[in-house]
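Novice: Fold the stuff below for me.
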Amino acid sequence: MIHFKTPLRRARFLAAAILLGPAAILLPLGAHASGLTITTSPGLTPAFDPSITNYVVNCGTSTSAATTVTFTVSAPAGTSVAIDGTSPQSGNFSAAVARAWGQGFAFVVSTGGVPTTYHARCLPGDMPAFNTQRTGSPQAAYYIIAVNGTNPPASYTVIVDSNGVPVWWLKADPALRPLLATLLPNGNLAMTNSAPQNPQASVNAQVMTLTGSLVATLNSPDNPPSDIHDILLLPNGDYVLVAYPKVSGVDLSSIGGATNTCIIDGEVEEITPAGALVWSWFASQHFSPTEINHNIWARAATSTCTTPQDVWHLNSVEDAGADFVSSFRYTGVYRINKSTGSVLWKLGGTTIPQSLTISGDSATPPGGLGQHDARLYSDGSVSIFDNGNDGNSNPAARAPRVVRYAIDTIAATATLQEQLSDPAVTTPVGCCGSARRLSGGDWVVGWGSDNVETEMTPAGTRVFSLSGTFTYRMIPVLPGVLNADTLRSDMDLMNPVPIEWRTDLAPQAGAASNFAAIRALNASDVWAAGSYVQGGVSWPLLDHWDGTSWQRPLPPQAGSSSQFNAVAPLSDTDVWVAGSYVQAGVNWPLVDQWNGASWRVLPAPQGGSASQFTAVTALSDTDVWAAGWYVQGGANYPFLEQWNGTS
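Specialist: Prediction:
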């Protein structure tokens, strides 16, 4: 189940909790000024609010087995509601829609002739649970998360909108449990595997389109399989991966280990889309073991080729053209030149000649403890998520925070620019986490193993939160990057609603009857025209299906016999039909209009010696076109007439 706390609409609502699960509870947020109420069973989540256009529902029992969602609507005069393409209705009524997991449906509310379309989708019952709450005005339009469940064992990449509603999701292959899901600059999604040693796993990362098509499978070409903690798409189309290869010949004697042993290394590499290695960089070739956090030394010194230890824990990479910036949890944050592999500067950790002097940061240690997700900004500043914990029982552990430093390479300084914490997040983070500064100044923070993610103002006020499940990072998406209609269309392509045939037998008219034309305005507004036989004579026939039953406004006879060959409804009270009638043994063209209460017969002028209409199109009551044929000199000719409202 997923638990939402709905948006705070200060002028109209109080925040309300909504439980979404197998037994959904719908909590109305309050009365709307329009008097319109829409409820469903199972319930819409969040409860219907005219200002919220995306919803989920606990419907379906699998991706193919549908269940029914029943709407109960009360629409005042001047407001109409159309459910899943049915005719708009006002007043009190019910309607039903049947859908399976992932399948969507729409309903349209029109007030004063202005329509607004709302969208709902069946939420998979095996999606891992999480809570959302909106308490302000987020600057992000969407958030991307990867969630993994154990009961049932299901993994999903999910795009959540700023109201906390999942609007797009993709269930992962069972062998690929996504650690990280991120949006690439070209609009594709990249997902890395959190269990690369799984015997079933054939890939370490996948790149997918938002329609679920596989673009690329990515592995470390020189060290597969590998635990990939980050992935970037470069402007040249290549990918940058963070990998965890096992390497040998490492000297750990400086920290009490063996002189020639194996470790789990940290590798940054560029590969082509085809998987060819362009360049690679290994921490063991450029870092001294003495740079490792002293609290890690004892464990790192036990590293052998049978049980190699992760001694650096490389967890992020940021491309900087000729350089890259990476976070190593046990040593610090580095800017590294790609060509030479040399360290240009170091932030935090044990001091080396390239270390920056940190100023303005009173935390212990300055520069972070067990940090993750180092990010570089256009002004040259660098942010990190400071876990406050190296994950190895460090006695100096403290509450986590977000920090951003101004980097001065000339003075070799890092000056604290921003520091952000959350009073509700006080537990040192045992692993993971992320921090991204938005262009408007807000921060989107993944608090790692504390299982909460937030968007916060620079002052530290939450405007959005997601909690209750572990996510390695929560990736923000700014407005204008993803299109809501496109996301819905992509979901519809991946989760199509099957087309089913339905037989709605029309009642017999006369001794025999048949339809020659049909026109549907929607699934509950269908008009069929033709003819029926009575007393050996052909009579015109028009039937109407309203979604439940057939109605038959029988037209009057024209001439000695007549029939309809075409129908063009403008509305339930404005239907045009065309065909022919017989007079003195000759066919004449015929157009009739049904106004919802009575018929108007409009015999059209003859063309040649005989004629009839086989098609009709009505643009308005004063612009109706009918086409067919007429006979002249024993030959058929094409025939077109227009009714202009008068003649």
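
Novice: tell me which element P115 is part of?
Specialist: Element membership for P115, per DSSP states H and E: strand 114-122.

Novice: List the buried residues in that strand.
Specialist: Neighbour-count burial for strand 114-122 flags 118-122 (criterion: 16 or more other Cβ atoms under 10 Å). Yep, even glycine has a C-beta here, placed from its N, CA and C like the rest.

Novice: can you tell me which two in these are farthest apart?
Specialist: Using Cβ to Cβ, the two most remote members of the buried residues of strand 114-122 are Y118 and C122, lying 14.9 Å apart.

Novice: follow-up on the earlier one: what mean pLDDT would you report for the strand holding P115?
Specialist: Mean pLDDT, strand 114-122: 96.

Novice: Over to stretch 421-438?
Specialist: On average, stretch 421-438 scores 95.

Novice: Centre of the chain to it, how far?
Specialist: Distance of stretch 421-438 from the chain centroid (Cα atoms, centre = their mean, to the nearest Å) equals 25 Å.

Novice: just stretch 84-92 next, same as before
Specialist: Here stretch 84-92 shows a centroid-to-chain-centroid distance of 27 Å under the convention Cα atoms, centre = their mean.

Novice: How many residues are close by W168?
Specialist: W168 is flanked by 22 other residues according to other Cβ atoms under 10 Å.

Novice: What strands line up against the strand holding P115, and which way round?
Specialist: Looking at strand 114-122 with DSSP bridges, its partner strands are strand 54-57 (parallel), strand 104-111 (antiparallel).

Novice: Of the ones you listed, which stretch is the most buried?
Specialist: Each of these was scored by mean neighbour count; the highest is strand 54-57, a mean of 24, by mean count of other Cβ atoms under 10 Å.

Novice: which is the next helix or strand following that one?
Specialist: The helix or strand immediately downstream of strand 54-57 is strand 67-75, counting by DSSP H and E.

Novice: Other residues contacting that next one?
Specialist: 35-42, 57, 59-61, 81, 83, 89-100, 105, 107, 109, 120, 122 (Cβ atoms under 8 Å, 6 or more residues apart in numbering).

Novice: Can you give me the buried ones in stretch 412-430?
Specialist: Neighbour-count burial for stretch 412-430 flags 413-422, 425, 427-430 (criterion: 16+ other Cβ under 10 Å).

Novice: Same check on stretch 244-258?
Specialist: Using 16+ other Cβ under 10 Å as the test for burial, stretch 244-258 gives 244-245, 247, 250, 252, 255, 257.

Novice: Mind checking which of those land in strands?
Specialist: Under the assignment DSSP state E, the buried residues of stretch 244-258 contribute 247, 250 to strands.

Novice: Point me to the helix or strand that includes G370.
Specialist: G370 belongs to no helix or strand, assigned by DSSP H and E.

Novice: go on, E455?
Specialist: Per DSSP H and E, E455 falls inside strand 452-456.

Novice: partner strands of that strand, parallel or antiparallel?
Specialist: Using DSSP bridges, the strands paired with strand 452-456 are strand 443-446 (antiparallel), strand 462-467 (antiparallel).

Novice: deepest of those, which one?
Specialist: strand 443-446 (a mean of 26).

Novice: Using PDB, write down the CA coordinates of it.
Specialist: In PDB, the C-alpha atoms belonging to strand 443-446 read as follows (Å, rounded to 0.1, in the frame of the first residue of the first chain):
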ATOM      1  CA  TRP A 443      17.100  21.300  -2.100                       C
ATOM      2  CA  VAL A 444      16.000  17.800  -2.900                       C
ATOM      3  CA  VAL A 445      17.500  15.500  -0.300                       C
ATOM      4  CA  GLY A 446      17.500  11.700   0.000                       C
END
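
Novice: For the chain, which helix or strand comes out least confident on mean pLDDT?
Specialist: Counting by mean pLDDT, DSSP states H and E, the chain has its least confident helix or strand at strand 17-20, which shows a mean of 35.

Novice: That strand: what's the following helix or strand?
Specialist: Next in sequence after strand 17-20, counting helices and strands by DSSP H and E, comes strand 37-41.

Novice: What residues of that next one count as buried?
Specialist: 37-38, 40-41.

Novice: now stretch 273-287
Specialist: Buried-residue list, stretch 273-287, by 16+ other Cβ under 10 Å: 280-284, 287.

Novice: Likewise for stretch 208-219?
Specialist: 208, 210, 216, 218-219.

Novice: how far does that stretch stretch from start to finish?
Specialist: Stretch 208-219 has an end-to-end distance of 15 Å (criterion: Cα to Cα, to the nearest Å).

Novice: where does the stretch 101-250 of the chain have low pLDDT?
Specialist: Under the criterion pLDDT under 70, the flagged ranges of the stretch 101-250 of the chain are 174-175, 195-203.

Novice: Could I get the full set of strands for it?
Specialist: In the stretch 101-250 of the chain, the strands defined using DSSP state E, counting those that start in this stretch lie at 104-111, 114-122, 131-134, 142-148, 155-161, 166-171, 178-183, 189-193, 205-208, 214-218, 231-233, 239-243, 246-250.

Novice: Alpha carbons of stretch 348-359, in CSV - could you do that?
Specialist: Provided in CSV are the C-alpha atoms of stretch 348-359 (Å, rounded to 0.1, in the frame of the first residue of the first chain):
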residue,chain,number,x,y,z
GLY,A,348,37.6,16.6,3.6
GLY,A,349,39.2,13.4,4.9
THR,A,350,42.9,13.0,5.7
THR,A,351,45.1,15.9,4.6
ILE,A,352,47.2,15.5,1.5
PRO,A,353,49.1,18.2,-0.4
GLN,A,354,46.1,18.9,-2.7
SER,A,355,43.7,19.3,0.2
LEU,A,356,41.5,22.4,0.4
THR,A,357,41.4,24.3,3.7
ILE,A,358,37.8,24.3,4.9
SER,A,359,36.5,27.5,6.5
